[in-house]
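In: got a structure for you, letters missing:
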C-alpha cells in the first residue's frame, strides 16, 4: 500500500486517539445497568483528591452537558449543591456520605454519579506547561444500591498545542473566554469527560431522551 | 483522486470522534455561568446571570430548541436569590412540566419557596 495514501488515515486515527473518543478498552459488563436503567441522574460535586482546590467546581461545571446529551435527566448541579449545603453538608466529602435512600426520597433521582478528581491542574516547565485532568466515576442505583456503571477519563493538553479545538466545538459561551483564561484545566475537564462517558464499549450507555436509546443493544 | 478519498475518510473519522454533530439542547452560557459563580464569586451578579440566561432562552426559542435538564430550575433558583418568588415558582413549574423526572425535587423546592 502506498504510504502517501495511508498517511491521512493514520493521522485521522492519531487525532481520534488524542481526542479520546475512540479509545478501545475491554468491554464493560452492563448486566446491572440493563437490569436498572436510570432515567434521572444526580451528579454530586466531585471528591477532590488533587491539590487544586478550584478543581471541585472547575470540574463540576463541565459534567452536566455530556450526561444530559447522552439522554438522561440531570439534576441542576448548582441547585443540588446549594440545597445540600443548606441542609448540613458543607463539603463534597459529606455529600458523598449521604445515604442513597435519602437521596431518592429528597430528589427522586434514579441514580447518583459519584466522581473523584484524581488530578486537576497545570504543571509549569521552562518551555510552556502541561494541563492534566484525571477522573474516575461510579454510577449507583438509589433503590437497589447496586453499582450500575463505572469508568475513568483522562486528558492532557500542552500550552504549545493547537489549544482549544475541542472546547471550540463544544462550547460557544460568552463567559467561556474569561474562565478558560483563568483555569485551563476547566476546559481539559471536558476532554476527560469525552473519554469517561463516550469510550466505545465501556462508556455510559444512551439514556431515554436520546434518539439512539432504542437502537443500542 | 484516491488520495482525496483518503483525506475525506480521515476527516469523517475525525468528525465522528470529535463531537456529536447535533445536540439535544441549547446550552448557551449555563455551565460557564455556574463555573464563574464559583470561581469568581460576585463577579457576575445574579441579576446579570439571569439576563444572560434569559437571552439564551430567547435564542433557543427562536431556533425551536429545548433548554437542557435542570436549566429552568437553575434559573428559578437565581430568581429566588433575587427575591423574585413569582418568577422562581414559574421556572420550577416549567422544569417539572418539561422534565417529569424532576417532580419530587421541584415539589420540595416549591414547598420551601412557599414557606420563605
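Out: Looks like it arrived, so ask away. Just so it is clear, the model here is predicted, and its values are computed rather than measured. Residues are numbered from 1 along each chain as shown, chains lettered A, B, ... in the order given.

In: Pull the residues that contact stretch A:34-42.
Out: With CB atoms under 8 Å, 6 or more residues apart in numbering or on different chains as the test, stretch A:34-42 has contacts from A:67, A:72-75, A:80, A:103, A:107-113, A:139, A:141, A:143-144, A:146, A:148, A:205, A:207-208, B:101-102. Yep, even glycine has a C-beta here, placed from its N, CA and C like the rest.

In: Remind me which helix or strand residue 57 belongs to.
Out: Because you didn't say which chain, this covers chain A. Here residue A:57, judged by DSSP states H and E, is contained in helix A:55-60.

In: look at chain B instead
Out: Here residue B:57 is assigned to helix B:46-62, by DSSP H and E.

In: Report the buried residues of that helix.
Out: Under the neighbour-count criterion of 16 or more other CB atoms under 10 Å in any protein chain shown, helix B:46-62 has B:46, B:49-50, B:52-53, B:56-57, B:60 buried.

In: where does the chain dip in pLDDT?
Out: Picking chain A for this. For chain A, the stretches with pLDDT under 70 are A:1-25, A:126, A:159-181, A:217.

In: try chain B instead
Out: Checking chain B against pLDDT under 70 turns up B:1-21.

In: hmm, back to that, keep only those of the contacts of stretch A:34-42 that are in strands.
Out: The strands, defined by DSSP state E, take in A:73-74, A:111-113, A:139, A:141, A:148 from the contacts of stretch A:34-42.

In: so who does residue 72 touch?
Out: With no chain named, the answer covers chain A. A:38-41, A:207-209, B:69.

In: Oops, wrong one, chain B.
Out: Taking CB under 8 Å, 6+ apart, we find residue B:72 in contact with B:91-92, B:94-95, B:98.

In: surely residue A:74 meets residue A:68?
Out: Yes: Residue A:74 is in contact with residue A:68 according to CB atoms under 8 Å; the separation is 4.6 Å.

In: So for these two, which residue has more residues nearby?
Out: Neighbour totals were compared for residue A:74 and residue A:68, and residue A:74 leads with 28 against 24 (other CB atoms under 10 Å in any protein chain shown).

In: Spit out the contact partners of the more buried one.
Out: A:40-43, A:64, A:67-68, B:68-70.

In: same thing but 6 Å
Out: By CB atoms under 6 Å, 6 or more residues apart in numbering or on different chains, the contact set of residue A:74 is A:41, A:64, A:67-68, B:69-70.

In: ok, now residue A:55?
Out: A:48, A:117, A:120.

In: Any chance of TSV for the residues you listed, columns secondary structure and distance to residue B:77?
Out: Below are the contacts of residue A:55 laid out as TSV (DSSP: H, G, I helix; E, B strand; the rest coil; distance: CB to CB, whole Å):
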residue	secondary structure	distance to residue B:77
A:48	strand	23
A:117	strand	24
A:120	strand	26
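
In: can you pull out the helices in the chain?
Out: The chain I'm using is chain A. Along chain A, the stretches classed as helices by DSSP state H are A:3-19, A:31-35, A:55-60, A:64-69, A:77-86, A:92-95, A:100-107, A:165-170, A:176-182, A:184-198.

In: Sorry, I should have been clearer: chain B.
Out: Using DSSP H, helices in chain B cover B:2-18, B:30-39, B:46-62, B:71-81, B:85-98, B:103-115.
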